[in-house]
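Novice: Could you look at this predicted model? Sequence included:
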Amino acid sequence: MALFICLVLAVIAGGVSLSSWRKKWAIDDTPTSTCRGVFVGRNEVVGRSAPLYEPLRTPFTQTPAVWFSWELEQYKKQGDDHSWVTIEKRSTCAPFWIVDDTGRVLIRPRRAEMGADQSLQERLDGGFAPPYSRWQLRQWVLVGEDVTERQLSLADASFHEPPQQRSGLFDFKQDTGSPISALSGRNRVTERMIPVDAPLYLFGTARPRVDGPGLEFTGDDEHLLVTTKSEAQVAKSAGLAAGGLGLVCLVLSAIFAGGISNTITDEIKWGWVVGVVVAELAILLLLVLQRNYNRQVEVKEQAAKAWSLIDVSLQRRAELIPKLVAVVEGYGSHERQVQELVAQLRAVPAPPTSGQGLPDDATITGAEAADRGQRAAARSAVAVAEAYPDLKASEVYLDLQHRYTDAEEAVASARRFYNDAIEVLRNRRAQFPGNLFARFVRVPSWQLFEADEAAAYVPPVAIAPQAAPAPAVDGPTAPPSSPPSS
């Protein structure tokens, strides 16, 4: 039985180790996007936290936050075994923003992996006696949710249960109506949170929002990681976990091989032990080689996706040029400045079409020329508009300028992602064992898409989801101040 348990633990440790390696490699290989440059699919974003509505208030420290969780534990002892056992644990699913200088993206944290800070862990005794019941703390996590999240939360029947209090010694129902500080036994609470304006690192899959324009990250689709740690810290933690669990797997496998040999032959066959360890290392080497090839293919696909975004954005700007020419000509076509601008706009080279996949050197050079021409034309149009107040105030002109700047920022975001992906691919091919697969992952051009940074662009305020009504948190031993409603 002991050998069987050893084998099971070795398999589990090996599986989790491989999963941790994949996580680290995915984080290392995914270029960082701005909020403005997020696209449908896997993204990595660095920014800061911001509330969707009003900041949430954590129940025990009353700290303004965008996300929090609380956990109630009881100390239990059975013979020589004693540990803290979780009685109840809840977390808010209220959406919030990740923001940076380019914009913001919505995060729905339900079922996401949240790397939050621990803000409190206290024993429930005379020195710390919060007046809240378990029922009230359940309602607290509903505050700040929008209609979509509220419907999902209320599918949990425990939110509909009325508060209950024990009526006597032989009443064994859960006491959810009394203050948690009055519960019997040794208890403690732990509070974790992501404060407002905290640095965030996000790794996950973006999808179109169902409640408005734009994209969102949600833990319902695929693995979503949101943490206050940096990218380097997350990758390091995953690497340490992978290495440590891999070592545990090797040790347990060696113990299993030695035990099996002793059971069959009445002595430990060290050849069996060495054979099992060597076989596992060989399998690990094959997996590493396969993964390194797959990593290069995945990064190449990411670069191709980024280039397609550049292509689309350049075409969008090119389509706006004739409209901009027509508007400017309508406001003084006889003026020399206007005539020069019209000639400049018409001379802007058309962006090249690269088709599917990555571009070659000629395509990148043509795209750079088109990008420079479009930028220069836009700057000239702004300069001319300064001399024509009517043109400057025209709704049509303002709309064109807005759409032009929007497309310009889209080009800049996609360009940064494309260049980062090419740099990652270069690094992977220059290192062992990635250089073994260089001939199998062909790239038409290693040239970066060079251009000046796009002018700062602040997009219109995103449409926030409709807020759900705040839950009632009054009841037995109501909190002295209710959490802010949305």
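Specialist: The structure has been received and is ready for your questions.
Novice: where along the stretch 151-300 of the chain do the helices fall?
Specialist: Taking DSSP state H, counting those that start in this stretch to define them, one finds helices in the stretch 151-300 of the chain at 231-265, 270-329.
Novice: Let me have those in TSV, adding distance to residue 405 as columns.
Specialist: Every C-beta, even on glycine, is put in place using the N, C-alpha and C of the backbone. Shown next, in TSV, are these (distance: least, C-beta to C-beta, whole Å):
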stretch	distance to residue 405
helix 231-265	29
helix 270-329	10
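Novice: Go through these and find the least confident stretch.
Specialist: Of all these, helix 270-329 carries the lowest average pLDDT, namely a mean of 80.
Novice: Tell me what angle that one forms with helix 231-265.
Specialist: 160 degrees (axes from the mean of the first three to the mean of the last three C-alpha atoms, to 10 degrees).
Novice: if I look at the residue sitting furthest away from the middle of the chain, how far off is residue 253?
Specialist: Ranked by distance from the centre of the chain (C-alpha atoms, centre = their mean), the top residue is residue 266, with 54.1 Å. In this view, residue 266 and residue 253 are 21 Å apart by C-beta to C-beta, to the nearest Å.
Novice: from memory residue 161 sits against residue 176, does it?
Specialist: Yes - using C-beta atoms under 8 Å, residue 161 is in contact with residue 176, at 7.0 Å.
Novice: Which positions in whatever helix or strand residue 369 lives in come out as buried?
Specialist: Using DSSP states H and E, residue 369 falls within helix 361-385. For helix 361-385, burial by neighbour count (16 or more other C-beta atoms under 10 Å) applies to 363-368, 370-371, 373-375, 377-378, 380-381, 384-385.
Novice: Not counting its own residues, what contacts stretch 87-95?
Specialist: Identification of contacts with stretch 87-95 by C-beta atoms under 8 Å, 6 or more residues apart in numbering yields 52, 56, 66-74, 106-110, 114, 134, 137-138, 141-146, 149, 152-153, 187, 216, 465.
Novice: returning to what we had before: among the helices of the stretch 151-300 of the chain, which is nearest residue 29?
Specialist: In terms of C-beta to C-beta, the element of those nearest to residue 29 is helix 270-329, at 5.3 Å.
Novice: quick one: that closest one to chain centroid distance?
Specialist: 18 Å (C-alpha atoms, centre = their mean, to the nearest Å).
Novice: Check which helices and strands the longest strand seen in the chain is in contact with.
Specialist: If you go by DSSP state E, the chain has its longest strand at strand 64-78. Counting contacts by 3 or more C-beta pairs under 8 Å, 6 or more residues apart in numbering; DSSP states H and E, strand 64-78 packs against strand 41-51, strand 56-57, strand 81-91, strand 96-100, helix 134-140, strand 187-195.
Novice: can you list the helices of the stretch 151-300 of the chain in a markdown table and add mean neighbour count and distance to residue 347?
Specialist: Output for the helices of the stretch 151-300 of the chain, formatted as a markdown table (neighbours: other C-beta atoms under 10 Å; distance: least, C-beta to C-beta, whole Å):
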| stretch | mean neighbour count | distance to residue 347 |
| --- | --- | --- |
| helix 231-265 | 17 | 43 |
| helix 270-329 | 17 | 10 |
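Novice: which one of those lies closest to residue 124?
Specialist: Proximity to residue 124, assessed across these by C-beta to C-beta, is greatest for helix 231-265 (31.2 Å).
Novice: Okay, domains of this structure per the record?
Specialist: Domain assignment for the chain by automatic domain parsing gives 53-228, 296-440.
Novice: could I get these as a markdown table with distance to residue 18?
Specialist: Shown next, in a markdown table, are the domains of the chain (distance: least, C-beta to C-beta, whole Å):
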| stretch | distance to residue 18 |
| --- | --- |
| domain 53-228 | 15 |
| domain 296-440 | 17 |
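Novice: With residue 279 as the reference, name the closest of the ones you listed.
Specialist: Per C-beta to C-beta, nearest to residue 279 of the domains of the chain: domain 296-440, 19.5 Å.
Novice: Off-centre distance for that closest one?
Specialist: Its chain's C-alpha centre and that of domain 296-440 lie 27 Å apart, by C-alpha atoms, centre = their mean.
Novice: rewinding a little: any common contacting residues for residue 161 and residue 176?
Specialist: With C-beta under 8 Å, 6+ apart, residue 161 and residue 176 have common neighbours residue 135.
Novice: just to revisit the earlier point, could you check the angle strand 41-51 makes with the longest strand of the chain?
Specialist: 100 degrees.
Novice: quick one: strand 64-78 to strand 187-195, angle?
Specialist: Using the same axes, to 10 degrees: strand 64-78 against strand 187-195 is 150 degrees.
Novice: Show me the strands in the stretch 101-250 of the chain, by range?
Specialist: Remark: strands assigned in the stretch 101-250 of the chain by DSSP state E, counting those that start in this stretch are 103-108, 113-115, 117-123, 187-195, 199-208, 215-218, 225-227.
Novice: Select, out of these, the one closest to residue 330.
Specialist: strand 103-108 (32.4 Å).
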